[in-house]
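Trainee: Fold the following for me, if possible:
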Amino acid sequence: MATETQEGTAPAAPPASGGLPQFDFQWWPGQIVWFLVIFLVVLLFVRFFVAPRVGGTIDAREDKISGDIADARRLKDEAEAQAAAAAAETAQARAQAQRVAAEARAKAQAEVSARLAEEEVKLAEKASVAEARIAKARDAAMTNVAGIAAEAAGAIVGKLTGRSATATELRTAQGS
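Mentor: Take a look at the predicted model:
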């Protein structure tokens with residue numbers, strides 16, 4: 001009897017349809033309704049919560065990028081202005097340095113010319129003193145040449161003739 005009670009209380013099994021329940025046409029209206037409800041909820045969630053946040057983030061990022069670009073352009077302009085000022089200062093300093101160098105060169109040239117003139121005067125004085133000494137030495141040498149010539153003539157006469165010439169003969173020979 002126990003088997004009788006079990007058979008009588010068991011629920012009836014659904015008839016086997018032989019496929020997936022998604023493809024059973026009896027379930028389609030409920031699936032379509034639930035699909036539309038879930039799609040509408042997700043659509044509204046994205047429309048009112050996700051899209052404004054993403055849009056706000058995009059706008060904020062765009063504003064930040066625009067601000068950064070503006071700052072970069074401003075800094076670039078400032079850097080170019082500073083570079084131009086530095087180039088102008090460098091050119092001015094270079095011109096001043098060239099002017100100072102030219103002045104120093106002219107001053108040095110004047111000093112060299114002055115010293116050269118002084119040295120030329122000293123050399124001219126020394127040359128005139130030397131020429132006077134040379135003339136004096138030449139005159140002295142010329143007076144000695146006559147005596148040396150007389151001695152040489154006496155020695156030559158002595159060798160050739162065998163007798164020595166007298167001083168009067170040498171003076172007479174000198175005069176002629």
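
Trainee: Which other helices and strands does the helix ranked longest in the chain contact?
Mentor: The longest helix of the chain (DSSP state H) is helix 51-161. When contacts are defined as 3 or more C-beta pairs under 8 Å, 6 or more residues apart in numbering; DSSP states H and E, helix 51-161 sits against helix 167-175. To be clear about C-beta, it is placed using only N, CA and C from the backbone, and glycine gets the same treatment.

Trainee: tell me the mean pLDDT for the helix it packs on?
Mentor: Across helix 167-175, pLDDT averages out at 72.

Trainee: which regions of this protein lie under the pLDDT threshold?
Mentor: 1-18, 174-176 (pLDDT under 70).

Trainee: Report the distance from stretch 22-35 to the chain centre.
Mentor: 80 Å (C-alpha atoms, centre = their mean, to the nearest Å).

Trainee: Okay, buried residues for it please.
Mentor: Buried residues in stretch 22-35, counted by 16 or more other C-beta atoms under 10 Å: none are found.

Trainee: and what of stretch 145-161?
Mentor: Residues of stretch 145-161 classed as buried: 150, 154, 157 (neighbour count, 16+ other C-beta under 10 Å).

Trainee: burial of the residue nearest to the last one when sequence neighbours are not counted, as a residue count?
Mentor: Just to be clear, that refers to residue 157. With C-beta to C-beta, 6 or more residues apart in numbering as the criterion, residue 157 has its nearest non-adjacent residue at 4.4 Å, and that residue is residue 165. For residue 165, the count of nearby residues is 17 (other C-beta atoms under 10 Å).

Trainee: Find the helix or strand that residue 165 is a member of.
Mentor: In the assignment (DSSP states H and E), residue 165 maps to no helix and no strand.

Trainee: Throw the buried residues of stretch 145-161 into JSON lines and include distance to residue 138, thanks.
Mentor: Shown next, in JSON lines, are the buried residues of stretch 145-161 (distance: C-beta to C-beta, whole Å):
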{"residue": "150", "distance to residue 138": "19"}
{"residue": "154", "distance to residue 138": "24"}
{"residue": "157", "distance to residue 138": "28"}
